[in-house]
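# after the sequence you'll find the predicted model.
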Amino acid sequence: MNGYTVARATKGLADYLHGEYPEKAGQGVVIAYDSRHRSREFALEAAHVLCAAGIPVKFFQELEPIPVLSFAVKYYGAQAGIVITASHNPKEYNGYKVYGPNGGQLVPEDADRLTAYVNAVTDLAHIARDGGEELLKWIGEETVNAFLEAAFRQSIYKGNPPALRIVYTPLHGSGRPLGNRILDCILTKPFQKGKTNRTAQNAKLVFLLGCTKAQANLWPNLQEFFGKNHEEQLVLAD
């Protein structure tokens, strides 16, 4: 994965939106990225290509996990979303995921149509990246707060936190900042925008970092993995 492949995929996405949804392409694309090597760089490359193609972009100022991206696509009424992430793959990889207006990854039929547009992009040296800067909008805390409010509205538990023991590992990924914030918010009911209580003396929830301390750093090399794949059992071994 490199700048050329990212630009090609994004130009194909722009052509797909203009070709298949000409009346909705103006609803734009939301872009997020993770902590892998060059993720932010690749995300910005995608943003520049989309803006040059006349498609508005909402770009997260900080890395955010995929659920926040999915939420943001629906929250802003965007026509698509992009996440630059290698998911569970080893450190040598990165990846490019496309999401539809429903916040989910494209179903096979739509993915095949998009792939045809991407394959039609053959002149990689002349993909436009300049122009349309006014179409780029930065998003962040306001969107994350809206996500948290929506998430806590779905909670079936109404009251003081029960006696819980939680072990959470972000696996060096983008879930750490928001994961910690959600656990903090659990200690304060109801959720208050921008406010958390880290002491919560009366709370009975116990957040155990345990073996996850080593996997909490945003390290793209995944230094603390015992295995190379996130899904291997040894990755979560103590």
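Structure's in. What do you need?

# alpha carbons only for contacts and neighbour counts from here, please
Noted.

# measure stretch 113-130 end to end?
26 Å (Cα to Cα, to the nearest Å).

# with stretch 82-98 instead?
5 Å.

# one more: stretch 126-142?
36 Å.

# buried residues in that stretch?
Neighbour counts over stretch 126-142 (16 or more other Cα atoms under 10 Å) mark 127, 129, 132-133, 135-136, 139 as buried.

# in CSV, list these along with distance to P56 and secondary structure.
Compiled in CSV, the buried residues of stretch 126-142 are given as follows (distance: Cα to Cα, whole Å; DSSP: H, G, I helix; E, B strand; the rest coil):
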residue, distance to P56, secondary structure
I127, 17, coil
R129, 14, coil
G132, 8, coil
E133, 9, helix
L135, 5, helix
L136, 6, strand
I139, 13, strand
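
# among the residues you listed, which one lies nearest to Y76?
I139 (10.8 Å; Cα to Cα).

# you'd agree that closest one is up against E64?
No: here I139 lies out of contact with E64, judged by Cα atoms under 8 Å, at a distance of 11.0 Å.

# elements contacting the helix ranked longest in the chain?
Scanning the chain for the helix with the most residues, using DSSP state H, yields helix 3-20. Where contact means 3 or more Cα pairs under 8 Å, 6 or more residues apart in numbering; DSSP states H and E, helix 3-20 is packed against helix 39-52, helix 108-119.

# contacts for the helix or strand just after that helix?
The helix or strand immediately downstream of helix 3-20 is strand 29-33, counting by DSSP states H and E. Strand 29-33 is contacted by residues 39-40, 43, 47, 55-60, 63-66, 69, 72-73, 78-85 when judged by Cα atoms under 8 Å, 6 or more residues apart in numbering.

# so which of those residues sit within helices?
Using DSSP H, the contacts of strand 29-33 in helices are 39-40, 43, 47, 66, 69, 72-73.

# cool, thanks, signing off.
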